[in-house]
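> Need the 3D shape of this:
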Amino acid sequence: MPKSRKGSPVPRSAPGFVDRRSFLKSAAVGAAVMAANPAASSAQQLESKVETRNAPPSIPPEAEIGAPAKLEVLTEGRSGSDFMVDVIKSLGIEYVCSNPGSSFRGLHESCINYGGNKNPEFITCCHEESAVAMGHGYAKIEGKPLAVFAHGTVGLQHASMAIYNAWCDRAPVYVVVGNIVDATKRISAVEWAHSVQDAAAMVRDYVKWDDQPASLPHFAESAVRAYKIAMTPPMLPVLLVADAELQENPIPDNLALHVPKLGQLSPPVGDSAAIAEAARMLVSAQNPVILADRLGRTPAGMNNLVELAEALQAPVISRAGRMNFPSRHPLNQTDRANALIREADVVLGLEMSDFWGSLNIFRDQMRRTSEPLAKPGVKLISINADDLYTKSNYQDFDRFTEVDLAIAADGESTLPPLTEAVKRLVTGDQRRSFEQRGAQFAAARQQSLERAREAAAYGWDASPISTARLCAEVWDQVKDRDWSLVSATTFVNNWPQRLWNFDKHYQYIGAQGGYGVGYGAPAALGAALANRKYGRLSVNIQCDGDLMYAPGVLWTAAHHHIPLLSLMHNNRAYHQEVMQVQIMADRHNRGIDRASIGTTITEPNIDYAKVAQGMGVYAEGPITDAKDLGPAIKRALAVIDRGEPALVDVITQPR
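Presented below is the predicted three-dimensional model:
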């Protein structure tokens with residue numbers, strides 16, 4: 001359906017409405033008339049044109065013009081993909097990240113023309129894995145999914161690793177894959193190779209739900225259902241198969257179409273009796289400890305946890321899954337995790353991906369062994385939406401933990417009633433005791449911060465540049481801005497968490513979930529895409545090997561003007577694997593001098609500044625002298641302030 005200047009559909013009954021199909025039929029008839037009467041004068045032709053403007057075209061009797069060749073109508077006014085875009089728009093999806101492909105060409109064209117390339121806007125990606133990873137990072141900032149279009153068998157196979165990362169990280173990504181279901185409609189060997197009987201089968205083990213709609217009404221219902229499922233904790237990727245025929249065929253005039261209403265979504269909250277029991281256990285504990293992993297979905301997550309921790313004056317250990325707790329809050333005792341867990345009599349686990357791993361010590365020796373970290377008799381409470389939905393083949397759920405109270409619910413939404421229950425139980429004497437406990441934690445937190453600053457000073461002027469110096473120089477430049485760290489930090493010894501002041505939920509997006517390399521750069525870009533409309537500075541400490549999986553994300557950043565500051569952690573190796581080979585060589589008593597074979601990225605060294613410049617991104621480096629790092633970051637920030645991406649290549653120590 002054509003669009004008015006304001007973008008709303010023009011009804012077919014509007015005065016002067018001529019749809020594409022009617023226009024082409026009229027033009028074909030006019031051409032046939034002229035072909036049958038080549039002697040018509042120029043004046044007659046002009047008069048005919050004037051009359052045509054003022055009256056609807058008439059079709060002369062066949063006897064007058066002869067029997068023309070059969071006319072084939074090759075255009076239509078509104079296709080199935082137009083309606084599909086209407087449905088996608090109703091879900092509030094802002095972007096479609098995609099590497100283009102013919103199996104969804106109908107959806108692609110409808111998005112950019114019928115939909116006006118706005119809500120959703122098409123973001124061009126150079127690889128399907130990058131497209132999904134962008135959606136992964138975007139969801140962890142924005143709290144909702146963007147859409148990804150993938151092309152048939154090959155596109156979905158490319159996307160599969162990133163879908164798995166999002167699955168393991170409990171991040172909602174909305175994937176639509178094109179396919180030609182009817183084998184008689186596949187017109188080339190390429191279409192046969194890119195089509196499949198059951199497209200979702202290859203990723204079904206690590207999507208929460210999938211469907212292959214057989215009609216447009218079916219698509220509408222499944223599209224809304226998929227969004228609802230993706231956005232209900234545990235939040236996970238979903239997949240729809242959009243048949244090419246369904247996309248491209250005209251919408252029958254007699255087909256009544258309706259966009260279903262999504263409605264308000266409410267996360268599952270824990271049972272009131274279980275919440276009351278959890279509160280009783282926590283208030284009566286002498287040494288309660290709170291563990292949090294994938295808790296902080298929204299600003300409420302951090303705020304709710306702060307309120308509970310302060311009501312109990314209990315220490316919080318924040319794992320790498322999300323931004324759960326302010327880094328400089330007196331009750332943030334992440335650096336003292338093992339010591340606190342050893343003394344704990346009650347441990348509350350909030351959305352823990354590996355509760356067992358936090359309570360036990362594992363030894364990677366000739367024979368792998370483990371031993372409990374927590375003391376015997378410790379009481380364990382778990383609040384985790386994963387208890388509502390678990391699959392079997394891909395076993396990202398880790399070891400079974402023998403908890404005393406398991407509350408199957410969304411942690412973020414269950415914290416407010418738990419906190420209220422705690423406050424009702426706390427007596428005056430207990431409150432004074434809690435305050436004394438909190439004062440001890442505050443002193444310990446200050447000591448941890450001072451130790452971290454002292455440790456960061458070691459090797460301050462070293463070359464290659466230490467990861468502590470890299471993170472400290474970045475912090476010095478961004479601390480007075482509205483910033484967001486959109487990369488993981490474990491590979492730089494968590495120096496940002498040790499040195500920076502994190503106090504907003506969007507200031508850290510966590511790790512990659514499935515630990516798949518190739519996540520970092522596109523996820524950072526997706527998070528930067530979400531941050532752009534808020535005017536936030538997105539900071540990415542980028543691993544060298546990770547960027548080489550799909551460096552095309554740099555072009556996407558430049559093409560779409562997504563401001564992202566990337567600092568290369570260029571240690572010229574897959575250093576995690578260097579260490580793994582060293583472990584094996586040491587175990588076999590063979591020495592570690594050859595551990596660099598197959599694990600380092602040298603001979604030649606990669607010049608990431610030139611790689612970025614070739615993609616249209618401002619870049620400089622490689623920087624080897626620490627005193628040059630601060631000025632280089634400052635110059636890069638000037639580019640960011642113009643709304644463009646920038647990269648600084650820094651030669652760093654391994655960790």
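
> List of residues touching the one helix or strand residue 224 maps to?
Here residue 224 sits within helix 216-230, counting by DSSP states H and E. Residues from elsewhere that reach helix 216-230, judged by Cβ atoms under 8 Å, 6 or more residues apart in numbering: 80, 83-84, 87-88, 90-91, 145, 172-174, 208-209, 211, 213, 236-240, 242, 246, 251, 255, 257-262, 265. Every residue, glycine included, has its C-beta placed from N, CA and C.

> List the buried residues of it.
By 16 or more other Cβ atoms under 10 Å, the buried positions in helix 216-230 come out as 216, 219-230.

> quick one: residue 255 and residue 483, what's the gap?
50 Å (Cβ to Cβ, to the nearest Å).

> Tell me which two of the buried residues of helix 216-230 sit farthest apart.
Greatest spatial distance in those: 216 and 230, 21.1 Å, computed using Cβ to Cβ.

> so what pLDDT did residue 254 get?
Here, the pLDDT recorded for residue 254 equals 86.

> Give me the phi and psi angles of it.
phi -90, psi 10 (degrees, to the nearest 10).

> Just the helices from the stretch 151-300 of the chain, written as ranges.
In the stretch 151-300 of the chain, the helices defined using DSSP state H, counting those that start in this stretch lie at 152-168, 189-194, 216-230, 244-248, 272-284, 299-312.

> Quick check: the nearest residue to residue 335 once chain neighbours are set aside vs residue 457, distance?
Nearest non-adjacent residue to residue 335, counting by Cβ to Cβ, 6 or more residues apart in numbering: residue 448, 4.5 Å away. Distance of residue 448 to residue 457, computed by Cβ to Cβ: 16 Å.

> neighbour count winner among those two?
More crowded of residue 448 and residue 457, by other Cβ atoms under 10 Å: residue 448, with 17 against 12.

> which residues touch the more buried one?
Residues near residue 448 by Cβ under 8 Å, 6+ apart: 333, 335, 336.

> so the first one sits right up against residue 443, yeah?
No - between residue 333 and residue 443 there is no contact, the gap being 11.3 Å when judged by Cβ atoms under 8 Å.

> joint contacts of these two?
Counting by Cβ under 8 Å, 6+ apart, residue 333 and residue 443 have no contacts in common.

> residues near residue 433, how many?
14.

> Surely it is within a helix?
Yes - under DSSP: H, G, I helix; E, B strand; the rest coil, residue 433 falls within a helix.

> model confidence over stretch 210-225, on average?
Per-residue scores along stretch 210-225 average to 98.

> As a check, name the ranges of all strands in the stretch 501-650 of the chain.
Under the criterion DSSP state E, counting those that start in this stretch, the stretch 501-650 of the chain contains strands at 537-543, 565-570, 618-623, 646-651.

> Single out the most deeply packed of the ones you listed.
Comparing the strands of the stretch 501-650 of the chain by mean neighbour count (mean count of other Cβ atoms under 10 Å), strand 565-570 comes out on top with a mean of 28.

> any idea of the angle it forms with strand 618-623?
Orientation check (axes from the mean of the first three to the mean of the last three Cα atoms, to 10 degrees): strand 565-570 against strand 618-623 gives 30 degrees.

> Residues in contact with strand 565-570: which ones?
Under the criterion Cβ under 8 Å, 6+ apart, residues 467, 470, 474, 491-492, 521, 524, 537-544, 547, 606, 608, 612, 621-622, 633, 636-637, 640, 645-652 lie in contact with strand 565-570.

> separation between residue 323 and residue 295?
Relative to residue 295, residue 323 is positioned 9 Å away (Cβ to Cβ).

> From the structure, what's the count of residues near the closest residue to residue 512 other than its chain neighbours?
Nearest residue to residue 512, sequence neighbours excluded (Cβ to Cβ, 6+ apart): residue 519, at 3.9 Å. The burial count assigned to residue 519 is 30, neighbours taken as other Cβ under 10 Å.

> Name all residues that make contact with residue 519.
Shown in contact with residue 519 (Cβ under 8 Å, 6+ apart): 133, 136, 162, 165, 512, 513, 546.

> one more time with 7 Å, if that's ok
Contacts of residue 519 were listed using Cβ atoms under 7 Å, 6 or more residues apart in numbering, and they are 133, 162, 165, 512.

> Just the helices from the stretch 501-650 of the chain, written as ranges.
For the stretch 501-650 of the chain, the helices defined by DSSP H, counting those that start in this stretch cover 520-532, 544-547, 553-559, 575-587, 608-614, 629-640.

> for the shortest one, packing partners?
Where contact means 3 or more Cβ pairs under 7 Å, 6 or more residues apart in numbering; DSSP states H and E, helix 544-547 is packed against helix 520-532, strand 565-570.

> Reformat those as a markdown table; add distance to residue 281 and mean pLDDT.
Shown next, in a markdown table, are the helices and strands packed on helix 544-547 (distance: least, Cβ to Cβ, whole Å; pLDDT from 0 to 100):
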| stretch | distance to residue 281 | mean pLDDT |
| --- | --- | --- |
| helix 520-532 | 37 | 98 |
| strand 565-570 | 42 | 98 |
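
> Tell me which of these lies nearest to residue 556.
The closest of the helices and strands packed on helix 544-547 to residue 556 is helix 520-532. By Cβ to Cβ, the value is 6.5 Å.

> how much space is there between the closest residue to residue 260 other than its chain neighbours and residue 468?
Nearest in space to residue 260, with sequence neighbours left out and distances taken as Cβ to Cβ, 6+ apart, is residue 224 at 4.5 Å. Counting by Cβ to Cβ, the gap from residue 224 to residue 468 is 49 Å.

> how about the most centrally placed residue in the chain, what does it touch?
With the centre of the chain defined as its mean C-alpha position, the nearest residue by Cα atoms, centre = their mean is residue 136, 1.2 Å away. By Cβ under 7 Å, 6+ apart, residue 136 lies in contact with 162, 165, 166, 169, 171, 173, 523, 526.

> cool, residue 319 as well?
291, 292, 293 are the contacts of residue 319 under Cβ under 7 Å, 6+ apart.

> What distance do you get for it to residue 530?
In this structure, residue 319 and residue 530 are 23 Å apart, going by Cβ to Cβ.

> Can you give me the pLDDT of residue 112?
Reading off the confidence values, residue 112 has pLDDT 98.

> Which stretches in the stretch 351-500 of the chain count as helices?
Assigned helices in the stretch 351-500 of the chain, in chain order: 355-359, 411-425, 428-456, 467-478, 495-499 (criterion: DSSP H, counting those that start in this stretch).

> what's the average pLDDT for the helix or strand that residue 341 is a member of?
Assigned by DSSP H and E, residue 341 belongs to helix 337-343. Mean per-residue pLDDT for helix 337-343: 97.

> gap between it and the chain center?
33 Å (Cα atoms, centre = their mean, to the nearest Å).

> which parts of it are buried?
Of the residues in helix 337-343, 337, 340, 341 count as buried by neighbour count, 16+ other Cβ under 10 Å.

> tell me which of the residues you listed is nearest to residue 594?
Of all those, residue 337 has the smallest distance to residue 594: 35.5 Å, by Cβ to Cβ.

> ok, the closest one to residue 368 distance?
Noted for residue 337: a distance of 22 Å to residue 368, by Cβ to Cβ.

> And residue 271, by the same measure?
Distance, residue 271 to residue 368, by Cβ to Cβ: 38 Å.

> Kindly report the same for residue 396.
As judged by Cβ to Cβ, residue 396 and residue 368 stand 19 Å apart.

> what do you get for residue 70?
For residue 70, the distance to residue 368 equals 75 Å [Cβ to Cβ].

> who has more neighbours, those two?
Applying other Cβ under 10 Å to residue 70 and residue 368 shows that residue 368 carries more neighbours, namely 8 against 5.

> Name the nearest residue to residue 600, sequence neighbours excluded.
Nearest residue to residue 600, sequence neighbours excluded (Cβ to Cβ, 6+ apart): residue 573, at 4.3 Å.

> contacting residues for residue 142?
Residue 142 makes contact with residue 530 under the criterion Cβ under 7 Å, 6+ apart.
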